[in-house]
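J.: Sequence and predicted structure are below.
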Amino acid sequence: MNAIGKNILKMRKQLGMTQEELAGRLNVSFQAVSKWENGVSLPDVSTLPLLAKSLGCSIDSLLGYAVEQRIISDYESRYSTDEYYWGVKPSDMCFEVMKLLPPTRALRVLDIGCGEGKDAVFFAKNGYKVSAFDITQSGIDKAKRLAEKHRVNVNFFKADVRDFRLESEFDVLFCSGVLHFIPNELREEIFENYRTHTAEDGVHAMNVFVKKPFIAVPPDKDSRNFNWRSGELFGYYTDWLLHRCDEVIFDCNSGGVPHKHCMDGVIAQRID
Ligand SMILES: C[S@@+](CC[C@H](N)C(=O)[O-])C[C@H]1O[C@@H](n2cnc3c(N)ncnc32)[C@H](O)[C@@H]1O
């Protein structure tokens, strides 16, 4: 289902309106509404103002932009303090990558959704040639300050993982805690782009939150996170060498309410 279809369904239900009632207001058939909600077709652009009015929302929020703005501003404000929200200790995945591909030459690393730059700076300090991007300006600014403090060079830039595509090759693609921002319909294309722009023997180190029926939806989960199926990430690497491919459940206290998350992680290597 696309974002607009999901939003129409959600907002219509919140208002307790039937598909027939919504269709009547828009002068379309209820089958048309059903098709929008199921992602089979999209409403005509000329219908959007009346559709938004009937659902009591803005066109932006119907299209999902209001929500996206909220993700960005949440992270922007988290990163606007002097404290490093995620700390400055590198993720364990960095060490796994280093073991597999030690920096015997200036191997090219891309950190996707780098946040405040702790992992990117770690790789740079260890001799890798690092590029890294995030959607937040405050994250990028802070990451640059961290790199300056450690006197290393990192090519930090602002980009959206949904739009950004690789045009040159990398030896390592690193992505921690970010893939849930990629909607289902873009995944195939994005992973194809990442895979084809990975050097021979190159490595992908990635993780993603996954949905499990026996784990309650986290209290602070919001609709902007796109669900990944358990095992879905591994499916992109069936023809690569899997050095690690696992699923862990861990406790979390974000939002002040103890709950659990399930995360799939993969370290895969392209072998021709
Ligand atoms: C859980 S944090 C992880 C940050 C970093 N990878 C780390 O482990 O410290 C998720 C990051 O994804 C970034 N993000 C969210 N949506 C994004 C998008 N569409 N494109 C790029 N980055 C995005 C956020 O700004 C945030 O820095």
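T.: Perfect, I can see it now.

J.: Report how many residues lie close to residue 11.
T.: Burial of residue 11 is recorded as 19 neighbouring residues (other Cβ atoms under 10 Å). (C-beta placed from N, C-alpha, C; glycine too.)

J.: What's the first helix or strand after whatever helix or strand residue 156 lives in?
T.: Counting by DSSP states H and E, the element that carries residue 156 is strand 154-158. Downstream of strand 154-158, the first helix or strand assigned by DSSP H and E is strand 170-175.

J.: Neighbouring strands of that next one in the sheet, and parallel or not?
T.: The pairing partners recorded for strand 170-175 under DSSP bridges are strand 108-112 (parallel), strand 198-210 (parallel).

J.: okay, the shortest one in CSV with CA atoms only?
T.: Extracted in CSV, the C-alpha atoms of strand 108-112 (Å, rounded to 0.1, in the frame of the first residue of the first chain):
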residue,chain,number,x,y,z
ARG,A,108,35.8,3.6,0.8
VAL,A,109,33.1,3.5,3.4
LEU,A,110,29.6,5.0,3.1
ASP,A,111,27.6,5.5,6.4
ILE,A,112,23.9,5.8,5.5
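
J.: what's residue 57 sitting at in phi/psi?
T.: With angles defined as degrees, to the nearest 10, residue 57 sits at phi -140, psi 180.

J.: The chain should start at 762 in everything you say after this.
T.: I'll keep to 762 as the first residue from here, and by that count the last item is residue 818.

J.: Model confidence score at the closest residue to it other than its chain neighbours, please.
T.: With Cβ to Cβ, 6 or more residues apart in numbering as the criterion, residue 818 has its nearest non-adjacent residue at 5.8 Å, and that residue is residue 772. Residue 772 is assigned a predicted lDDT (pLDDT) of 83.

J.: Any residues of the stretch 812-961 of the chain in contact with the ligand? List them.
T.: 832, 836, 847, 852, 874-876, 879, 895-897, 900, 921-923, 937-939, 942 (Cβ under 6 Å from any ligand atom).

J.: Could you list the paired strands of the strand holding residue 917 along with their orientation?
T.: For strand 915-919, using DSSP bridges, the partner strands are strand 890-895 (parallel).

J.: Going toward the C-terminus from the partner strand, what's the next helix or strand?
T.: Taking DSSP H and E as the definition, the helix or strand right after strand 890-895 is helix 898-910.

J.: Nearest to residue 823, out of the strands paired with strand 931-936?
T.: The minimum distance between residue 823 and the strands paired with strand 931-936 falls on strand 959-971, with 25.9 Å, by Cβ to Cβ.

J.: chain center to the helix or strand following the closest one, what's the gap?
T.: Next helix or strand after strand 959-971 toward the C-terminus (DSSP H and E): strand 1002-1013. Distance of strand 1002-1013 from the chain centroid (Cα atoms, centre = their mean, to the nearest Å) equals 17 Å.
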